[in-house]
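Participant: how would this look folded up:
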Amino acid sequence: MKPFALIVSSFFVVASLFAVEQRPNFLIIYADDLGYGDVSTYHPSDCHTPNIDKLAAEGMLFQNMRANCTVCSPSRAALLTGRFPDRAGVPGVIRTNAEDSWGYLAPGIPTIGNELKKVGYHTAVIGKWHLGLESPNTPNERGFDLFHGFLGDMMDSYTTHLRQGHNYMRRNAEVIDPNGHATDIFAGWAADYFRERAKEKQPFFLYLAFNAPHFPIEPPEEWVAKVKARAPQLDEKRAMNVALVEHLDDRIGQLLAVLKEAGLDQNTVVAFGSDNGGSLPHAQNNDPWRDGKTSHYDGGLRVPFMVRWPGHIKAGSRSDYAGLNFDLFPTFLELAGAKASPDIDAISLVPIFNGGTIETPRDLYFVRREGGAAYGGKSYEALIRGDWKLMQNTPYSPLELYNLKNDPLEKTNLIGKAPKVFKELSAALRTHVQTGGATPWQKPETREP
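Facilitator: Numbers count the residues shown, from 1 in each chain. Alright, predicted model coming up:
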């Protein structure tokens, strides 16, 4: 090789290596049942979230984002696969007892962990998994190098960490029994992870899934005392929830400080969201939206969502883009230099980060399958197309139709008054249901030959 050609070749090798080293790290902080109205950056609230608010102020605040489902497992399956929940095999909640479990994460579908590992990322899950208790659906088998958290659906207590008497706390495959409040534990493990990754040149993706503020509402006593001293007018249920959220916010602030101390904050894309709206029976707040968790009214779907990336996303920017949590899947892949599969349903938010728009129309499709007498193991769905929303809230209730532009609080049901719109949306909804039906949502039975 001629000297000049050798120099040029060496230049491109070095440039390529530099580009790899400069790829951003990714962090998703995912809350559990955190209502839109319980994040004070959106509007004045009796719940104070200064650290989450600061994250929004330093990046882009999304005001029109929705979760992929009204309950836990389907939202998490969508987030990690970029597919609508039923197309990932998880139309309903995966539970400890098989007779009341309504999803099974489809084998063979790549997760964001799988895709980022392919391009050289270290991948980790800390906190709540809720997508399977056993092989082949444990985190290490679904694309993650490290799992440090809780396999199950919910904890019976934030301090015992048990579920129906079972210990689902793990470090990879090892059963562990940590001491302390779960929010403190998960935040501490995340801080340790940042310190470890700061010693490496390999980029990382961390999915940090808190179980707060999911019930049981168990904030540390000192946080309850702080809230009651500041706001004695709050009733007991509301004060307890506010304390649980504010404790979570404080721990998020602490771990983001560690990210900065480790020198990782400038090249880490931090996204914050929630798996669904807050639970109204537990005094959580989804204002101004109607209803809450389990409901296809927007109180069950609209969630806090923000993304910070210093030097790339303008601080203090806002977006009204009507997207879904799982849009982070192709977003992160694009920023990592990877190409998302055409089979996914999510859309990259990179144009929004750059101050642009996304012109490609996309239905916002929602499904939930549930057991018990109220649901009968059946599913119920919703579809948003443009300004219109077609929905039901149980498999046995009639369909409802709303114009979200004119009626964002969903007060006036227009079913029967817009037949052309109803015909179009109901046909589209049937197609979505058919597509989702191609993916099994129960574990294949083991039969004797």
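Participant: Now stretch 174-190: buried residues?
Facilitator: By 16 or more other C-beta atoms under 10 Å, the buried positions in stretch 174-190 come out as 181, 182, 183, 184, 185, 186, 187, 188, 189, 190. Just so you know, the C-beta spots here come from the backbone N, C-alpha and C atoms, and that holds for glycine as well.
Participant: Report the secondary structure element holding the fifth one.
Facilitator: Here residue 185, judged by DSSP states H and E, is contained in helix 182-197.
Participant: tell me the angle whichever helix in the chain runs longest makes with helix 182-197.
Facilitator: Longest helix in the chain, counting residues (DSSP state H): helix 236-261. Angle of helix 236-261 versus helix 182-197, following axes from the mean of the first three to the mean of the last three C-alpha atoms, to 10 degrees, is 10 degrees.
Participant: counting contacts, what elements does helix 236-261 pack onto?
Facilitator: With contacts taken as 3 or more C-beta pairs under 8 Å, 6 or more residues apart in numbering; DSSP states H and E, helix 236-261 sits against strand 25-31, helix 50-57, helix 182-197, helix 221-230, strand 268-274.
Participant: Can you tell me how far residue 333 is from residue 38?
Facilitator: Residue 333 is 31 Å from residue 38, where distance means C-beta to C-beta, to the nearest Å.
Participant: Which one's more surrounded, these two?
Facilitator: residue 38 (32 against 24; other C-beta atoms under 10 Å).
Participant: pretty sure the more buried one is touching residue 52, no?
Facilitator: No: here residue 38 does not reach residue 52: they are 9.7 Å apart, not a contact under C-beta atoms under 8 Å.
Participant: what about the helices in this protein?
Facilitator: Under DSSP H, the chain gives helices at 3-21, 50-57, 72-81, 112-118, 182-197, 221-230, 236-261, 298-301, 328-335, 350-353, 419-436.
Participant: What is the third one packed up against?
Facilitator: Here helix 72-81 is seen to pack against strand 25-31, helix 112-118, helix 328-335 when contacts are counted using 3+ C-beta pairs under 8 Å, 6+ apart.
Participant: can you pull the contacts of residue 230?
Facilitator: By C-beta atoms under 8 Å, 6 or more residues apart in numbering, the contact list for residue 230 is empty.
Participant: low-scoring pLDDT stretches of this structure, where are they?
Facilitator: 1-21, 446-449 (pLDDT under 70).
Participant: how does it look with 80?
Facilitator: Scanning the chain for pLDDT under 80 picks out 1-21, 445-449.
Participant: check contacts around the residue nearest the centre of the chain.
Facilitator: Centrality entry for the chain: nearest residue to the mean C-alpha point is residue 275, 4.6 Å, by C-alpha atoms, centre = their mean. Shown in contact with residue 275 (C-beta under 8 Å, 6+ apart): 30-33, 67, 69, 71-72, 75-76, 79, 303, 325.
Participant: what do you get for residue 46?
Facilitator: For residue 46, the contacting residues are 231, 234, 238, 242, by C-beta under 8 Å, 6+ apart.
Participant: Against residue 292, how distant is the first one?
Facilitator: So that's residue 231. 21 Å.
Participant: Which of those two has more residues huddled nearby?
Facilitator: Neighbour totals were compared for residue 231 and residue 292, and residue 292 leads with 26 against 14 (other C-beta under 10 Å).
Participant: ok, that one to residue 43 distance?
Facilitator: 17 Å.
Participant: Repeat that for residue 382.
Facilitator: 25 Å.
Participant: One more: residue 230?
Facilitator: According to C-beta to C-beta, residue 230 stands 18 Å off from residue 43.
Participant: Same question for residue 207.
Facilitator: 28 Å.
Participant: what's the spacing between the closest residue to the residue nearest to the centre of the chain other than its chain neighbours and residue 417?
Facilitator: Nearest residue to residue 275, sequence neighbours excluded (C-beta to C-beta, 6 or more residues apart in numbering): residue 75, at 4.0 Å. Residue 75 is 32 Å from residue 417, where distance means C-beta to C-beta.
Participant: Looking at the two, which is more packed in?
Facilitator: Using other C-beta under 10 Å, the more surrounded residue of residue 75 and residue 417 is residue 75, with 30 against 11.
Participant: Can you show me the CA trace of the helix holding residue 185 as CSV?
Facilitator: In CSV, the C-alpha atoms belonging to helix 182-197 read as follows (Å, rounded to 0.1, in the frame of the first residue of the first chain):
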residue,chain,number,x,y,z
ALA,A,182,-37.2,-1.1,47.1
THR,A,183,-36.9,2.4,45.7
ASP,A,184,-33.6,2.9,47.6
ILE,A,185,-32.3,-0.5,46.6
PHE,A,186,-33.0,0.0,42.8
ALA,A,187,-31.5,3.6,42.9
GLY,A,188,-28.4,2.3,44.7
TRP,A,189,-27.9,-0.5,42.2
ALA,A,190,-28.2,2.0,39.3
ALA,A,191,-25.7,4.3,40.9
ASP,A,192,-23.3,1.4,41.3
TYR,A,193,-23.8,0.5,37.6
PHE,A,194,-22.9,4.0,36.5
ARG,A,195,-19.7,3.9,38.5
GLU,A,196,-18.8,0.6,36.9
ARG,A,197,-19.6,1.7,33.4
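Participant: ok, back up a step: the residue nearest to residue 275 against residue 276, yeah?
Facilitator: Yes: contact criterion C-beta under 8 Å: residue 75 and residue 276 qualify, at 5.8 Å.
Participant: Please identify every residue contacting each of these two.
Facilitator: With C-beta under 8 Å, 6+ apart, residue 75 and residue 276 have common neighbours 67, 69.
Participant: From the chain's centroid, how far away is stretch 199-212?
Facilitator: Put simply, stretch 199-212 sits 14 Å off its chain's centre (C-alpha atoms, centre = their mean, to the nearest Å).
Participant: So which of residue 382 and residue 43 has more stuff around it?
Facilitator: A count of neighbours by other C-beta under 10 Å puts residue 382 above the other of residue 382 and residue 43, at 27 against 10.
Participant: Was I right to think that one contacts residue 388?
Facilitator: No: the pair residue 382 / residue 388 is not scored as a contact, 11.1 Å apart, by C-beta under 8 Å.
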